[in-house]
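Peer 1: What follows is a predicted structure for the sequence shown.
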There are 2 protein chains.
Amino acid sequence: MNMQTRTPPSSLPDNSYGFSDRIQQQLDHAGRLCALQGGRMTAQRRDVLGLVLSATTPVGAYDLLEQLKTSGRKPAPPTIYRALDFLLEHGLIHRIERLSAFVPCTHLLHDHAHDHSHDHTDACLHSAQFLICRNCGGVTEIADAPRVLDVLKNICGKKNFTMQSASVEVEGLCEDCTHSTTGQKGHTPTPN
Amino acid sequence: MNMQTRTPPSSLPDNSYGFSDRIQQQLDHAGRLCALQGGRMTAQRRDVLGLVLSATTPVGAYDLLEQLKTSGRKPAPPTIYRALDFLLEHGLIHRIERLSAFVPCTHLLHDHAHDHSHDHTDACLHSAQFLICRNCGGVTEIADAPRVLDVLKNICGKKNFTMQSASVEVEGLCEDCTHSTTGQKGHTPTPN
DNA sequence: AGAAGTAATGTAATATTATTACATATCATT
DNA sequence: AATGATATGTAATAATATTACATTACTTCT
């Protein structure tokens, strides 16, 4: 292996990055979700997901690459892209096309008291809607808007188009940035 | 200048590429539209738009670059990106984020017997919806689906999000490709 | 027409994002 | 332990996009 990093050895599962308890819970939940789909949540993938979960705004692949380097690994682009592909395929993250960057699926971010795995899979796999703020860079997933997807399904039905995935990206100014006159990156986007 | 190309000098407006009559009409219409917005439709921009109009599937920036080289010019990337930016800003083309490629705005493709300029500007500027076929590469703009945009506006209203632009991209199989069992790129996408 | 200012284009270099191809290692099962 | 499948390492390169600065062309004003 190559685990002679500065991070102290831990009995917890693979916490090379000192992820917060909350994020570790999310990671555990993600692990369960992808196990259900027959996927293997390796340490590498877990770390990448953890980094995406830790960010307050979408993260680029090469950003992640840099961050991964601070651990004991020396990853190259394919490493990160493979991890991202895996996470995308299992609906754990989404790609924001307009930013070439990645965010966690919102379902991972909320409470996991009950088993919402079915909801998650149904709703998130390869489809998502986002509000992207041009000022603060914050991105909000609008998972509570099934209507959008319904309308799209309807249209596709009429046109005999077989929908496999869909993305909706709205760019503009979030509530906070709309009201701030400063024109500066005036606030921290509401964290995930 | 640099107009010693093989293309014979023409009395028609800048038809370096031998665009069809239909495309020239569309180009003329586009010229009128962007004049209304105070834009200058130069020969370069016209040629780029013509090439986008001529393609049956979305075209990448570097594809266009190659094609432009066959004329008397020796363009570099900024040339093409500037032209594309101009055309985007004036709602004459759209960018398909998932493909990093460009298509003409559907409003240019249909008949221009009457003045739909207002419709065009309202509807196309910075917002569009697409069905993207993974098999044949064809892309259909669904301009007849204001409902999608309405739903989005509604959501943004509730969240106090100021929408500046929106894109909806649905990926899957078009009607023809859904029905063809071949698994091959079995047909030419319905032309623009 | 000539001068001045603005808008557009040319050019070289480089940044950013993503993939290919092939070697090695790890895991799960027998 | 041997096998096959899955995952990761590594080097090279492809594809997409931007920066910074020089030059040219258009427009307007006198």
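Peer 2: Nice, thanks for sending it over. Numbering: from 1, shown residues only, chains lettered A, B, ... in the order given.
Peer 1: Determine whether any part of the strand or helix carrying residue A:48 lies close to DNA strand D.
Peer 2: Using DSSP states H and E, residue A:48 maps to helix A:43-54. Yes - using C-beta under 7 Å from any atom of the strand, helix A:43-54 comes into contact with DNA strand D via A:43-45. Glycine gets a C-beta too; all of them are placed from N, C-alpha and C.
Peer 1: Drop anything exposed from these.
Peer 2: The neighbour count (16 or more other C-beta atoms under 10 Å in any protein chain shown) marks A:44-45 as buried among those.
Peer 1: Tabulate the residues of helix A:43-54 next to DNA strand D (TSV), appending pLDDT.
Peer 2: Output for these, formatted as TSV (pLDDT from 0 to 100):
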residue	pLDDT
A:43	94
A:44	95
A:45	97
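Peer 1: How about the longest helix anywhere in chain A and DNA strand D, any contact?
Peer 2: Secondary structure of chain A per DSSP state H: the longest helix is helix A:21-36. No - figure legend: helix A:21-36 not in contact with DNA strand D (C-beta under 7 Å from any atom of the strand); closest approach 9.2 Å.
Peer 1: by contact count, what packs against that helix?
Peer 2: helix A:43-54, helix A:106-109, helix A:117-124 (3 or more C-beta pairs under 8 Å, 6 or more residues apart in numbering or on different chains; DSSP states H and E).
Peer 1: Compare the mean pLDDT across those helices and name the weakest.
Peer 2: Comparing mean pLDDT across the helices and strands packed on helix A:21-36, the weakest is helix A:117-124, with a mean of 72.
Peer 1: Quick one: residues in contact with the worst-scoring helix or strand of chain A on mean pLDDT.
Peer 2: Least confident helix or strand of chain A, by mean pLDDT, DSSP states H and E, is helix A:117-124 with a mean of 72. Residues from elsewhere that reach helix A:117-124 (C-beta atoms under 8 Å, 6 or more residues apart in numbering or on different chains): A:32-33, A:36-37, A:91, A:94, A:105, A:107, A:143, A:146.
Peer 1: quick check: angle from it to helix A:21-36?
Peer 2: For helix A:117-124 against helix A:21-36, the angle by axes from the mean of the first three to the mean of the last three C-alpha atoms, to 10 degrees is 90 degrees.
Peer 1: Which neighbours in the sheet does the helix or strand following helix A:117-124 have, and how are they oriented?
Peer 2: Sequence-wise, the next helix or strand downstream of helix A:117-124 (DSSP H and E) is strand A:127-133. Strand pairing for strand A:127-133, determined by DSSP bridges: strand A:139-141 (antiparallel), strand A:162-173 (parallel).
Peer 1: Now the first one: average pLDDT?
Peer 2: The average of the pLDDT scores along strand A:139-141 is 96.
Peer 1: before we move on, what about the longest one?
Peer 2: What strand A:162-173 shows for mean pLDDT is 96.
Peer 1: Summarise which helices and strands the next helix or strand after it is packed against.
Peer 2: Moving toward the C-terminus from strand A:162-173, the next helix or strand (DSSP H and E) is helix A:175-179. With contacts defined as 3+ C-beta pairs under 8 Å, 6+ apart, helix A:175-179 has no helix or strand neighbours.
Peer 1: now helix A:175-179, how far from the centre of its chain.
Peer 2: Taking C-alpha atoms, centre = their mean, to the nearest Å, one finds helix A:175-179 lying 24 Å from the centre of the chain it belongs to.
Peer 1: can you list contacts of it?
Peer 2: Outside helix A:175-179, the residues that reach it (C-beta under 8 Å, 6+ apart) are A:133-136, A:186-187, B:159-162.
Peer 1: got the contacts of helix A:117-124 as JSON lines, with distance to residue A:79 and neighbour count columns?
Peer 2: Formatted as JSON lines, those follow (distance: C-beta to C-beta, whole Å; neighbours: other C-beta atoms under 10 Å in any protein chain shown):
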{"residue": "A:32", "distance to residue A:79": "24", "neighbour count": "12"}
{"residue": "A:33", "distance to residue A:79": "22", "neighbour count": "24"}
{"residue": "A:36", "distance to residue A:79": "25", "neighbour count": "14"}
{"residue": "A:37", "distance to residue A:79": "22", "neighbour count": "13"}
{"residue": "A:91", "distance to residue A:79": "21", "neighbour count": "23"}
{"residue": "A:94", "distance to residue A:79": "20", "neighbour count": "25"}
{"residue": "A:105", "distance to residue A:79": "21", "neighbour count": "25"}
{"residue": "A:107", "distance to residue A:79": "26", "neighbour count": "22"}
{"residue": "A:143", "distance to residue A:79": "29", "neighbour count": "17"}
{"residue": "A:146", "distance to residue A:79": "36", "neighbour count": "12"}
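Peer 1: Contacts only, for the nearest residue to residue A:167 once chain neighbours are set aside.
Peer 2: Leaving aside its sequence neighbours, residue A:167 sits nearest to residue B:169 (C-beta to C-beta, 6 or more residues apart in numbering or on different chains; 5.3 Å). Contact analysis of residue B:169 by C-beta under 8 Å, 6+ apart lists A:97, A:166-168, B:96-98, B:129-130, B:132.
Peer 1: wait, which of those residues is closest to DNA strand D?
Peer 2: The closest of the contacts of residue B:169 to DNA strand D turns out to be residue B:97 (C-beta to the nearest atom of the strand; 8.2 Å).
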